[in-house]
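>>> Sequence and computational prediction follow.
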Amino acid sequence: MAKSKRLLVLIKPKDPDDPLAGNHPLGTPKEFAEAVALFNTAPDGSVTSRLGTAVLHGPGYTVEYASGQDMVNQAMVSVYEAESAWPVLSRLCKTLGWKMQDTESGQIFG
């Protein structure tokens, strides 16, 4: 049976109780990479630039974000091994005050 990939977006809501309040940036590309590095998420050592997109690898997931911008406003997370990814992503969101939004349902959690 093929594993399905789940797509999520990392965001930092201005008001977690009001989804219409908008989002804060997640930091500069350097700040973002340093923040997720604390959760075993980093480049794999190869050149990972795809037209201004940086790719980081974590346990059971990858994170893509626009590296050519001044601020990272959101990042795309591709979860391919949920058992490994969820504990790390949950801890990351709780620690950093970020949330995850499911791209299919729009549900925000974390």
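That came through fine. Numbering: from 1, shown residues only.

>>> How about Q101: which residues does it bridge to?
V9, I108 (DSSP bridges).

>>> Neighbours of it, how many?
By other Cβ atoms under 10 Å, the residues close to Q101 number 20. (C-beta placed from N, C-alpha, C; glycine too.)

>>> Local confidence estimate at it?
pLDDT for Q101: 94.

>>> mind listing what it touches?
By Cβ atoms under 8 Å, 6 or more residues apart in numbering, Q101 lies in contact with 8-9, 11, 107-108.

>>> pLDDT score for D44?
85.

>>> and it, what is it in contact with?
55, 57.

>>> distance between the ends of stretch 59-68?
One end of stretch 59-68 sits 25 Å from the other (Cα to Cα, to the nearest Å).

>>> my bad, should have said stretch 46-60
OK, stretch 46-60 end separation, Cα to Cα: 18 Å.

>>> Tally up the residues packed near A75, please.
Count around A75 with other Cβ under 10 Å applied: 19.

>>> ok, it touching S67?
No - the pair A75 and S67 does not pass the contact test of Cβ atoms under 8 Å, sitting 10.5 Å apart.

>>> hang on, the earlier thing: between the contacts of Q101, which is nearest F39?
Looking at these and their distance to F39, the nearest is L8, at 14.5 Å (Cβ to Cβ).

>>> How much space separates that closest one from E104?
10 Å (Cβ to Cβ, to the nearest Å).

>>> The two: who's more crowded?
L8 (24 against 8).

>>> residue contacts, that one?
In this structure, L8 makes contact with 76-77, 79, 89, 100-103, judged by Cβ under 8 Å, 6+ apart.

>>> Which pLDDT value goes with it?
For L8, the model assigns a pLDDT of 97.

>>> how close does it sit to K30?
Here the criterion is Cβ to Cβ. By it, L8 lies 23 Å from K30.

>>> likewise Q69?
Taking Cβ to Cβ, one finds Q69 at 12 Å from K30.

>>> go on, S67?
From S67 to K30 the distance is 10 Å (Cβ to Cβ).

>>> Which parts of this protein are strands?
Remark: strands assigned in the chain by DSSP state E are 6-13, 23-24, 53-58, 61-66, 75-79, 99-102, 108-109.
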